[in-house]
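Participant: I'll drop the sequence and a predicted model, then ask my questions.
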Number of protein chains: 2
Amino acid sequence: MPPRPRSTAAPRLAAANGGRGARRRSETRARLVRAARKLMARKGIGATSIQEITDTADVGFGSFYNHFGSKDEIAQAVMEDAVDSFGDAADRLAETIADPAEVLAASVRHAVRRAEADEAWGWFLVRSALARGGGLRRGLGKRLGRDIRIGAQARRFRLDDPPATMLAAGGAILGIIAGRLQGEIGADAPERAAAVVLRLLGVPSREAERIANRPLPSIQ
Amino acid sequence: MPPRPRSTAAPRLAAANGGRGARRRSETRARLVRAARKLMARKGIGATSIQEITDTADVGFGSFYNHFGSKDEIAQAVMEDAVDSFGDAADRLAETIADPAEVLAASVRHAVRRAEADEAWGWFLVRSALARGGGLRRGLGKRLGRDIRIGAQARRFRLDDPPATMLAAGGAILGIIAGRLQGEIGADAPERAAAVVLRLLGVPSREAERIANRPLPSIQ
């Protein structure tokens, strides 16, 4: 067979495998991330070695580098994963709540609580959400935008300038999380964050306060 | 000359010099930061070497390490310096404006403009303001808090929850700056940021719009 340029051959090869190669590759990656999450949660990122990650994942040491360039890179993936799982859980919770303002308040409250309970997660969120490369358009930023749009369409929110207000709302939540992680605001930060964000979205002050303090359904 | 380890004798020497040593030390540091700023602005951080910085500052190579541990550390100092200078200029401008709401709007507009004009400055601000170690209490965060308090005391702002609203306002400004640097919002971002923040501080919507679009006095 004559050598073919790699770019055109690769997709065809993957197709010939019927996706089996791609599936196995993604399973290996998921196993590595799961192992890294477990180890890093227990020992911290610094004390976790790549060797331990591959041992725990039952994967050859060398194949780590088919998926990640460094330990920092897999730590990043662990965090992205954790933020995505949180977003999925918040979405499932949202399906049980009718009022878009309450959906938003519940998501904000759970995000601030989660950050309090897991500071590494909180700092990762603060660092990554405003980072170069579209942090705002992905993950929780994207979900926040969607929830705000739903509330605006239902006339539950009144936004004078939707794009600027969405960016501001995302930043406001991160500002309060960063403040909470540094002791600038107390243990009622989740409810206060939700109230401030609802007011920013045009919900009258008293009503915002009331919605932000409703019984909070738990999250998976 | 090889880099010398920072000596424990340095503070004692400074004291014995009756402040002369300390003054000279701080002058040398300022010369290094000035030289680094000039070079980094022209060539970028990556292409600037420590040797060039010490040559331009007319300081021995080794004495660089009495002040900074690495090139990244001096780049950090250059940025902190640039943020402080901006804050000082904004303070001088504020002295010429009577209305606290207009002071705040002018500061926000200038900050967003500055970030547009100098992306490295903008990203540094976004990264550092919410970072661990009290970014919110220092620099522009501290100034924003002061300006909000002045407006609240003058009954120009109506804050239901001042601490949470201050954190939210800081985050909101950073969110819009990050959005602007990633093309999520257009060239009128400075005025829109100011309007959103004024609304967050309880200024009625139309009035916020009007204040945010007043002629903007220039900044030094």
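Facilitator: Yep, it's here.

Participant: For B:Ala98, see how far away the nearest residue to A:Arg158 once chain neighbours are set aside is.
Facilitator: Sequence neighbours aside, A:Gly202 is the residue nearest to A:Arg158 in space, at 3.3 Å (criterion: CB to CB, 6 or more residues apart in numbering or on different chains). Heads up, the C-betas are built off the backbone N, CA and C, glycines and all. Distance, A:Gly202 to B:Ala98, by CB to CB, to the nearest Å: 29 Å.

Participant: So these two - more neighbours on which side?
Facilitator: Remark: of A:Gly202 and B:Ala98, A:Gly202 carries more neighbours, 18 against 8, as counted by other CB atoms under 10 Å in any protein chain shown.

Participant: Could you double-check that the more buried one lies in contact with A:Leu159?
Facilitator: Yes. Between A:Gly202 and A:Leu159 there is a contact under CB atoms under 8 Å: 6.2 Å.

Participant: what helix or strand is the residue lying closest to A:Asn213 once chain neighbours are set aside on?
Facilitator: Spatial nearest neighbour of A:Asn213, excluding adjacent residues (CB to CB, 6+ apart): A:Glu191 at 5.4 Å. If you go by DSSP states H and E, A:Glu191 is part of helix A:189-200.

Participant: what's the answer for A:Arg92, then?
Facilitator: Using DSSP H and E, A:Arg92 maps to helix A:71-94.

Participant: how close does the residue most central in space within chain A sit to chain B?
Facilitator: Note on chain A: the residue nearest the mean C-alpha position is A:Val83, at 2.5 Å, using CA atoms, centre = their mean. Per CB to the nearest CB, to the nearest Å, A:Val83 is found 16 Å from chain B.

Participant: Ok, A:Ala115 next?
Facilitator: As judged by CB to the nearest CB, A:Ala115 and chain B stand 12 Å apart.

Participant: give the contact list for that residue.
Facilitator: For A:Ala115, the contacting residues are A:121-122, A:125-126, A:177, A:180-181, by CB atoms under 8 Å, 6 or more residues apart in numbering or on different chains.

Participant: Tell me the pLDDT of it.
Facilitator: Predicted confidence (pLDDT) for A:Ala115: 95.

Participant: Same check on A:Arg138?
Facilitator: Reported pLDDT for A:Arg138: 79.

Participant: What about it, how many residues nearby?
Facilitator: A:Arg138: 16 neighbours (other CB under 10 Å).

Participant: next one: phi and psi at it?
Facilitator: For A:Arg138, the backbone dihedrals (degrees, to the nearest 10) come out as phi -110, psi 170.

Participant: ok, now which ones touch it?
Facilitator: Applying CB under 8 Å, 6+ apart, no residues qualify as near A:Arg138.

Participant: Tell me how far A:Ile150 lies from chain B.
Facilitator: A:Ile150 is 19 Å from chain B, where distance means CB to the nearest CB.

Participant: For chain A, which segments are assigned as helices?
Facilitator: Under the criterion DSSP state H, chain A contains helices at A:6-16, A:20-43, A:50-57, A:71-94, A:100-117, A:119-129, A:139-153, A:162-181, A:189-200, A:205-212.
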